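*Asks:* Requesting a structural model of the entry that follows:
(one chain, ligands or ions: 1)
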Amino acid sequence: MTVLETDNLTKRYGTGERRVLAVDGLDVQIESGEVFGFLGLNGAGKSTTIDMLLDYVRPTEGTATILGRDVHAESEELRRHIGVLPEGLDLYDRLTGRRHLEFAVDWKDADDDADAILDRIGLSTADAARTVGGYSKGMQQRLALGMVLVGDPDLLLLDEPSSGLDPHGIRRMRNIVREEAADGTTVFFSSHILGEVEAVCDRVGILSEGRLVAVDDVESLRETVGAGSELRLRVATDIPVDVSEIDGVASVARAGRELRVTTDDPRAKAAVVARLVNRGVEVLDVDSDEPSLEDVFTAYTTGQERDGGEDDAPEAREVVA
Ligand SMILES: Nc1ncnc2c1ncn2[C@@H]1O[C@H](COP(=O)(O)OP(=O)(O)OP(=O)(O)O)[C@@H](O)[C@H]1O
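*Replies:* All right, here's what the predicted structure looks like:
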C-alpha cells in the first residue's frame, strides 16, 4: 500500500529576482513498511518538503497525499497518524522527561506505557524524573524520539534523527527505526549523514537543488555509479596477463605481485579473476571496495555545494528567472 505520494510537489519562495525554487517537481511514492532515506546537502529542500507534507507550508504547485488523504485538506485527521521528529524540536525546560511523554500520550489520546517507551529510548527512571532543561542534547533527542513513537503512528517523519546522539543512541535509534518498519510503520528519514541513511534505509532519494536526481535502493545506486569500485589481487607469481582490455576495466596498476584494478562495471571484477586463473596465475587473495553511498551522493551532487556552507543566506540559492 502506498503511504506517502507526491505529485509534482513544488515550492517557490519569494518573488521577482529573489524567487527561490526550493523544491522542484518532486514525484515520490513510498510504500507501507518502507524506510525511505531523503538525502541532500544543506539547502537541498528537505525541510521544505517535510513542511509541505505536514501542511506547515503550502506548495506552489503539485499535491501530496499520506495514507491516501490530501495533506492540506485532511491535515487535522492525518496528524494522529504521523509521528514527526523535526530538526531542533523545542521541549519544555521546566517539565520532566516523564511529563513530556505523558503529555504526548494525552495529546494523541493514546494508551502507551511511559516506562516501556523510556526503556526503548534508553532513558532511566531517574533521568525521566529530571527536568528537561538539565538534559544533554542527546537525552533531549532520545526523549523527542520517544514522544514521536507515542500512539504507534503509521508514518514517521524524521528530520536528522541522529542529531546530538552518541554512538549508543544512534544504534538505539536505528534499531527503533528497523523495529517500527518491521511492524509496518513507514519511515521517511531525512538526513545529510550518508552512513545513517545507508545503515537503515531500504531506498534512498537524492535531492539536489530541489530536484530528486536519483531514487533507488543503495545497492542499485552503487551499481549506477559503478566508477571507483576497486579490485585488489595478490598473486603467487609475477603477472604476465593483460587484463586492461576486459570490458568494464577502467585502469590497472601493478606493484610487484599486487594488482589493482578499477572498474566501472561490477561484472568486470569476476572477468578479471577468471582471466588470471584461466591463464594459470595463482590468486592468493582478492579484496574489493564497492563505491560507498558517499561516492554515489558525490556523483549526483557534484558542483551543487555552495561556498557559504551551512550559513548560506536563502538568497544565495539558485534564483529562478
Ligand atoms: N521561508 C523561506 N523563505 C525563503 N527561502 C527559504 C525559506 N525556507 C527555505 N528557503 C530556501 O529554500 C531552500 C531549501 O531549504 P531547506 O531548508 O528546505 O533545505 P534543507 O535541505 O532542509 O537544508 P538543511 O539540510 O540545511 O536543513 C534553501 O535555499 C533555503 O534558503
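*Asks:* CA only for contacts and neighbour counts going forward, please
*Replies:* OK.
*Asks:* What are the neighbouring residues in contact with the residue positioned nearest the centre of the chain?
*Replies:* Nearest to the geometric centre of the chain sits Gly37, at 3.1 Å (C-alpha atoms, centre = their mean). By C-alpha atoms under 8 Å, 6 or more residues apart in numbering, the contact set of Gly37 is 188-191, 197, 201-205.
*Asks:* mind listing what whichever residue of the stretch 151-300 of the chain sits closest to the ligand touches?
*Replies:* Evaluated by C-alpha to the nearest ligand atom, the stretch 151-300 of the chain has His192 as its residue closest to the ligand, separated by 6.4 Å. By C-alpha under 8 Å, 6+ apart, His192 lies in contact with 39-42, 160.
*Asks:* tell me which of those is nearest to Asp112?
*Replies:* Distance to Asp112, by C-alpha to C-alpha, is smallest for Glu160 among the contacts of His192, at 24.6 Å.
*Asks:* For burial, what's the neighbour tally of the closest residue to the closest one other than its chain neighbours?
*Replies:* In this structure, Glu160 finds its nearest non-sequential neighbour in Ser191, 4.8 Å apart by C-alpha to C-alpha, 6 or more residues apart in numbering. Residues contacting Ser191 under the criterion other C-alpha atoms under 10 Å number 24.
*Asks:* looking at the sheet around Ser191, what are its partners?
*Replies:* Leu39 (DSSP bridges).
*Asks:* Now do stretch 239-249, average pLDDT.
*Replies:* Averaging pLDDT along stretch 239-249 gives 86.
*Asks:* Quick one: end-to-end distance for stretch 104-114.
*Replies:* End-to-end span of stretch 104-114 (C-alpha to C-alpha, to the nearest Å): 10 Å.
*Asks:* shift numbering so it begins at 802
*Replies:* Okay, residue one is now 802; in that scheme the one you just asked about reads as stretch 905-915.
*Asks:* Please state the offset of that stretch from the chain centre?
*Replies:* Centre-to-centre, stretch 905-915 and its host chain are 28 Å apart (C-alpha atoms, centre = their mean, to the nearest Å).
*Asks:* Buried residues, it. List them.
*Replies:* For stretch 905-915, the neighbour count (16 or more other C-alpha atoms under 10 Å) marks 905-906, 909, 913, 915 as buried.
*Asks:* Closest one to Leu827 out of the residues you listed, please.
*Replies:* For the buried residues of stretch 905-915, the nearest to Leu827 is Lys909 (30.2 Å; C-alpha to C-alpha).
*Asks:* re earlier: quick one: which of the contacts of His993 is nearest Arg880?
*Replies:* Taking C-alpha to C-alpha as the measure, Arg880 lies nearest Glu961 of the contacts of His993, at 20.0 Å.
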